[in-house]
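From the sequence below, what's the structure:
(chains A and B)
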Number of protein chains: 2
Amino acid sequence: MLPSSTKAILCDIGGVLYVGDSVIDGAVAAVKRLKQNYPVRFLTNTTQKTSSQVVKKLQELGFDISADELITALDVTKMFLQKEQSYARFLLTDDAVEFFDDMKQFPQKYVVVGDAQENFTYANLNAAFRVLNDGAKLLAVAQNRYFKDSDGKLSMDAGCFVKALEYASSQEAMLIGKPSSAFYHLACEDMGMKPSECVMIGDDIEGDIDGAQKAGLEAILVKTGKFSPKDLELGITPQRVVDSIASLFLVK
Amino acid sequence: MLPSSTKAILCDIGGVLYVGDSVIDGAVAAVKRLKQNYPVRFLTNTTQKTSSQVVKKLQELGFDISADELITALDVTKMFLQKEQSYARFLLTDDAVEFFDDMKQFPQKYVVVGDAQENFTYANLNAAFRVLNDGAKLLAVAQNRYFKDSDGKLSMDAGCFVKALEYASSQEAMLIGKPSSAFYHLACEDMGMKPSECVMIGDDIEGDIDGAQKAGLEAILVKTGKFSPKDLELGITPQRVVDSIASLFLVK
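Numbering: from 1, shown residues only, chains lettered A, B, ... in the order given. Now for the predicted structure:
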């Protein structure tokens, strides 16, 4: 059951709707039901894929989700660089770098770091460090520590490499993706809602739950994806904890 | 001129004796003069090379330095693992990994991180993260932020990747190399000296100067290697600052 004050939903995707290439049991029906009752925006820090690739994947997995219901950290990053009228160096997957094709000129005022996976080589990281050393600012598309990989184990996420570059360049990154309040507020605005009218659903106790609560939303933690019981010992209290997104409507 | 209380010398090598493959002007003669006047131990966090490779390089560059005058962070790491009777996973250069050939069995109680350069791939870092996630402890052979590379520019050093793994695994690394007091004390003991009787010479304001002072030694900063004028604005005050190791004897 959702709080009666709920007017709109924000929902994480990786770990909440699917893990790797497997849909979470009952998630497709739960999304359908959510959309019948509320406006919904799906948020993701995943920067391995561009918006259109993420929507395509969600649709292939059976989800009825359209491009205008999805907000990725890459979208928000592009908006930021356009507003700043600045170029940047990008440490991302090849597909994501292509998404910023017209923003790679010099001088590069920012270094943008997101999921880059195999592109997190020493050579690429060091090249980014040298741009920072020449005066560029570090922009973290995401700050996640790890994600649940397709083999079921946890894998290092972009936040780890942000920390590496912060340490190398003695500067603190500006965060663009979750858990920055700016990202949550933008998503609420996109539905014409105030943060207090929205509920965030996620599997990441820091990025989803703590971030949303700090932005003024209520937050529901699902026990799928990267959830681990020790997440509940960090002093962060979700408004509700459910087994999975499918459990949301069990008692409604 | 060295303080009159000085009875022995500890000396960093990279950035003090040479940069890349170039000897610092006058460094060969300065080392000779130091050795005529004091017992000297050369310390390095460089883990790209094993002790014997480092000594070979120093001798090829013209330095009269023998194997028993050199103490590397790899030497200290091996001593630690032997004392702990533990195996580990190693994130180092291939040569350095070979140095630990008999310590790679399972269970791996530690993850050892030092300079790994091209071996700092996403796959290798992630494999190390997974060992940490299974309960291993993180051991930092070095915590340096950057070093002066052979092209004259700064490059990311092992400390950055230690930070990445600390963030991923939510644990703090135990430091084996400089600036840990243990390393400095071991080097002083090796000469039968007390820390207060020894002077450290280095180009790294944090690793060499701050570390040595915290271990009870005096410390001389050389303006070669990774030195930058902003190093003197960090609130760390070397007992003396000289242009290079060759300047040490100019006024003696």
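
Pull the contacting residues for the closest residue to residue A:66 other than its chain neighbours.
Of all residues not flanking residue A:66 in the chain, residue A:55 sits nearest, at 6.9 Å (CB to CB, 6 or more residues apart in numbering or on different chains). Placement of C-beta: from N, CA and C, glycine included. Residue A:55 makes contact with A:65-67, A:70, according to CB atoms under 8 Å, 6 or more residues apart in numbering or on different chains.

Just the ones of these in strands?
Among those, the residues falling in strands (DSSP state E) are residue A:70.

what's the farthest-apart pair in the contacts of residue A:55?
Of all pairs drawn from those, the one with the longest distance (CB to CB) is A:65 and A:67, at 8.5 Å.

The two: which is more packed in?
Set side by side, residue A:65 and residue A:67 show more neighbours around residue A:65, with 23 against 11, by other CB atoms under 10 Å in any protein chain shown.

roughly how far apart are the residue in chain A sticking out farthest from the centre and residue B:20?
The centre of chain A is farthest from one residue, residue A:134, which by CA atoms, centre = their mean lies 28.9 Å away. According to CB to CB, to the nearest Å, residue A:134 stands 20 Å off from residue B:20.

and what of residue A:187?
Residue A:187 sits 49 Å away from residue B:20, going by CB to CB.

Repeat that for residue A:233.
49 Å.

From what I see, residue A:76 and residue A:186 are in contact.
Yes: at 6.5 Å, residue A:76 and residue A:186 qualify as touching, with contact defined as CB atoms under 8 Å.

So for these two, which sits in the more crowded spot?
residue A:76 (20 against 16).

and that one, which of the three is it?
What DSSP: H, G, I helix; E, B strand; the rest coil gives for residue A:76 is helix.

Which strand or helix spans the residue lying closest to residue A:196 once chain neighbours are set aside?
Spatial nearest neighbour of residue A:196, excluding adjacent residues (CB to CB, 6+ apart): residue A:216 at 5.6 Å. Using DSSP states H and E, residue A:216 sits within no helix or strand.

pLDDT below threshold where in the stretch 1-150 of chain A?
Within the stretch 1-150 of chain A, the stretches with pLDDT under 70 are A:1.

Give me every residue in it lying close to chain B.
A:116-123, A:125-126, A:129-130, A:133, A:145-146 (CB under 8 Å from any CB of the partner chain).

Quick check on those: which are buried?
A:116, A:119-120, A:122, A:125-126, A:129-130, A:133, A:145-146 (16 or more other CB atoms under 10 Å in any protein chain shown).

Please tabulate these in CSV, including the columns distance to residue B:165.
Output for those, formatted as CSV (distance: CB to CB, whole Å):
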residue, distance to residue B:165
A:116, 17
A:119, 18
A:120, 13
A:122, 14
A:125, 14
A:126, 17
A:129, 17
A:130, 22
A:133, 22
A:145, 11
A:146, 11
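
Now secondary structure and distance to residue A:196 too, for the residues you listed, in JSON lines please.
Shown next, in JSON lines, are these (DSSP: H, G, I helix; E, B strand; the rest coil; distance: CB to CB, whole Å):
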{"residue": "A:116", "secondary structure": "coil", "distance to residue A:196": "36"}
{"residue": "A:119", "secondary structure": "helix", "distance to residue A:196": "39"}
{"residue": "A:120", "secondary structure": "coil", "distance to residue A:196": "38"}
{"residue": "A:122", "secondary structure": "helix", "distance to residue A:196": "46"}
{"residue": "A:125", "secondary structure": "helix", "distance to residue A:196": "40"}
{"residue": "A:126", "secondary structure": "helix", "distance to residue A:196": "45"}
{"residue": "A:129", "secondary structure": "helix", "distance to residue A:196": "41"}
{"residue": "A:130", "secondary structure": "helix", "distance to residue A:196": "44"}
{"residue": "A:133", "secondary structure": "helix", "distance to residue A:196": "43"}
{"residue": "A:145", "secondary structure": "coil", "distance to residue A:196": "28"}
{"residue": "A:146", "secondary structure": "strand", "distance to residue A:196": "31"}
